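A.B. asks: turn this into a model:
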Amino acid sequence: MKKVANFLLTIIFITFATILNGKNCCSCECGTKSRTTFAVRQQFQAGTPEYITAFRDRMLAREDGRNGSFQVSVFGGKSTEKRKLATYFTPFCKTCLHVKSGEFNGSEDIISQHFNVMTTGDDEFESIISLCPELSVFGIGLTYRQAINCLYDNDENDPNKKHFWIEISAPITRVETNMCLKENILSTKEDPAVIDGLNQTFYANMKDAFNQKAWNFGKINGDCGCSKWGLADITFKAGYDLLRKDCCFLDAYIGFLAPTGNRRCAQYVFEPMVGHAKHWGLIYGSSLRFDVWKDEDKDRILETVFDNHSQYLFKRTECRSFDLKCKPWSRYMEVYENKNQALEAYNISETNPQLNDVYLNLSSPGINVFTQPVCVSPQLSCSSNVALIYTSKKFRGEVGYNFYARQSECIEMPCWKNCAALKAARGAGYTNRLRDINSNLEGTTAPYKPDAFDTTSAVAQYNESIIKLEDIDLESAAHPYFFSHTFYLSLGGKWDERDYPIFIDLGGSYEFGCENAILNRWTLWFKTGCSF
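C.D. replies: Model (predicted):
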């Protein structure tokens, strides 16, 4: 027993040491900012409270049965701490962003020109936008566990008999996310501008601009959320009872996770994910339970349980958006998609200088360029659960704490075409490597010379501004390392004297963490099951 316990503790220590060694260090006080992807810990997965409560010991509840059991769990929950979560997505660790056009004074956070916001009035555009992201989940979880008695030679009636067993589980889940984009327009709101000869649509406000048809990716919804539902990955386990005594119990398992949920398409920021984004996974874990106090006369027992579950998700290709290094939200900046587009803007300025608005605004949405297929490895995650369980003849109650840690994602870009460049504010084929989301700057690749204008320099030096792979901030497309804490309570009943023993359980939990990369949320569940 001592050797087995030491072995399991060693495995747990190695798992957490691996995760902690792979963490990201953030200097910003809000932890993480300007990220394009948020990875949520999936609910009703092995190791979560709504999965494990009231079901650990149900396989052998029926005497002289077939040593099988199943459970059906209805669960749901919603996120909290909206303002803290908003700083994960926004630049500069802010929940409200100042958007402005025209003359700038340094107080603006976003230049509206990048978003094709232009009105017909003479007044400059100015507004304040804010994000209040939230997530809600509803689902039905199914679990089936079966002992494999044909593998033993020991007596069927031996209460200390060790079992091989298998378990299969899957939740049917509906996930809804909403960024809740709000906008307070400070200047006069008028109709969007129309520029003849330019195949681009302009908008009168940021809410419309964040959902423009020209954007294939990176949209941010306002009043309406996005939802997905489906079978959120199938988990298969094969385990063995390492120890089975009247006073204590220990088992261990290994298995895999088969992806059945939806793929990540990056069309919207904070998109709803059912399952683990089509990643296959390897799982392993253990459960140790022993009596703390026992009253055999009144059939009352107080137990302590330690559950450990680890999961490694393998690499696969996903669609992710990313920023440029040291340029938060640069994915939304206007770009020239290639040299030909810059040349087109330059030629218009030379041949038709009266079409000032055309060559000034001709560009491509940066989000379409800065969203690419990349190789994503979510790597290792682990949950450890400790609980006190009180049972009597028909009552069962459990209170516990769950610790969850996840390693930071590893992002690799298999290929990048060196074609695009950041467009300068004055257009006409000019590029500007120094420009960012809240300043235009004057350091263009082709310096402007009002007294001796070089008609070829704007495009001739385009290659000096081309965005290269080393300019891309892949971390902005990855979810960082994090760990969370969950406290939970469940109460229920069991009726083991029936021909087919049944149980019910009602519980709730709250998950939280200090960093903004963690989804703070509450969860409620009701479950029932049968042994046969």
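
A.B. asks: how close does the nearest residue to Phe503 once chain neighbours are set aside sit to Arg300?
C.D. replies: Spatial nearest neighbour of Phe503, excluding adjacent residues (Cβ to Cβ, 6 or more residues apart in numbering): Lys494 at 4.2 Å. (Each C-beta comes from the backbone N, C-alpha and C, glycine too.) As judged by Cβ to Cβ, to the nearest Å, Lys494 and Arg300 stand 13 Å apart.

A.B. asks: centre of the chain to the helix or strand where the residue nearest to Phe503 lies, how far?
C.D. replies: Per DSSP states H and E: Lys494 is located in strand 482-495. From the chain centre to the centre of strand 482-495 is a distance of 23 Å (Cα atoms, centre = their mean, to the nearest Å).

A.B. asks: that one: what's the following helix or strand?
C.D. replies: Downstream of strand 482-495 (by DSSP H and E), the next one is strand 502-512.

A.B. asks: so which residues make contact with that following strand?
C.D. replies: Outside strand 502-512, the residues that touch it by Cβ atoms under 8 Å, 6 or more residues apart in numbering are 41, 49-50, 53-54, 58, 61, 81, 396, 398, 402, 404, 484-495, 518-531.

A.B. asks: got a PyMOL select line for the buried ones in those residues?
C.D. replies: Here is the PyMOL command that selects the buried residues among the contacts of strand 502-512 (16 or more other Cβ atoms under 10 Å):
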select buried, resi 41+49+50+53+54+58+61+81+396+398+402+404+484+486+488+489+490+491+492+493+494+518+519+520+521+523+525+526+527+528+529+530+531
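
A.B. asks: wait, what's in contact with Val117?
C.D. replies: By Cβ under 8 Å, 6+ apart, the neighbours of Val117 are 99, 101, 125, 192, 202-206, 209.

A.B. asks: I'd like these written out as TSV, with distance to Ser107, secondary structure and pLDDT added.
C.D. replies: Formatted as TSV, the contacts of Val117 follow (distance: Cβ to Cβ, whole Å; DSSP: H, G, I helix; E, B strand; the rest coil; pLDDT from 0 to 100):
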residue	distance to Ser107	secondary structure	pLDDT
Val99	11	strand	95
Ser101	13	coil	88
Phe125	15	coil	90
Pro192	24	strand	88
Phe202	24	coil	93
Tyr203	22	strand	94
Ala204	22	coil	92
Asn205	19	coil	93
Met206	17	helix	95
Ala209	20	helix	96
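
A.B. asks: what is the nearest of those to Asn361?
C.D. replies: The shortest gap between Asn361 and any of the contacts of Val117 belongs to Phe202, at 8.0 Å (Cβ to Cβ).

A.B. asks: buried stuff in stretch 184-199?
C.D. replies: Those would be 185, 192-193, 195, 198, for stretch 184-199 by 16+ other Cβ under 10 Å.

A.B. asks: one more: stretch 206-214?
C.D. replies: Residues 206-212 are the ones in stretch 206-214 that count as buried (16+ other Cβ under 10 Å).

A.B. asks: kindly report the same for stretch 86-105.
C.D. replies: Across stretch 86-105, burial judged by 16+ other Cβ under 10 Å covers 86-93, 95, 97, 99-101.

A.B. asks: next step: those residues restricted to helices.
C.D. replies: 86-89 (DSSP state H).

A.B. asks: low-confidence ranges, the protein, go.
C.D. replies: 1-29, 122, 149-159, 189, 442-458 (pLDDT under 70).

A.B. asks: how close does Ser287 sit to Ala345?
C.D. replies: 65 Å.

A.B. asks: which of these two has more neighbours?
C.D. replies: Higher neighbour count among Ser287 and Ala345: Ala345, with 24 against 21, using other Cβ atoms under 10 Å.

A.B. asks: helix or strand: which one has the more buried one?
C.D. replies: Assigned by DSSP H and E, Ala345 falls within helix 339-351.

A.B. asks: which secondary structure elements does that helix contact?
C.D. replies: In terms of contacts (3 or more Cβ pairs under 8 Å, 6 or more residues apart in numbering; DSSP states H and E), helix 339-351 is packed against helix 356-361, helix 457-460.

A.B. asks: how about residues contacting the strand holding Lys494?
C.D. replies: With Cβ under 8 Å, 6+ apart, strand 482-495 has contacts from 19, 41, 49, 53-54, 61, 391, 394-406, 501-513, 515, 517-519, 525.

A.B. asks: for Leu142, phi and psi?
C.D. replies: phi -120, psi 130 (degrees, to the nearest 10).

A.B. asks: isn't it right next to Phe75, touching?
C.D. replies: No: between Leu142 and Phe75 there is no contact, the gap being 11.6 Å when judged by Cβ atoms under 8 Å.

A.B. asks: common neighbours of those two, please.
C.D. replies: Listed as contacting both Leu142 and Phe75 by Cβ under 8 Å, 6+ apart are Pro171.

A.B. asks: quick one: which of the two has more around it?
C.D. replies: The neighbour comparison of Leu142 against Phe75 (other Cβ under 10 Å) goes to Phe75, with 25 against 17.

A.B. asks: mind listing what the residue nearest to that one when sequence neighbours are not counted touches?
C.D. replies: Spatially, and ignoring its direct neighbours in sequence, Phe75 is nearest to Trp525 (3.9 Å; Cβ to Cβ, 6+ apart). Applying Cβ under 8 Å, 6+ apart to Trp525 gives the contacts 50, 73-76, 490, 505-508.
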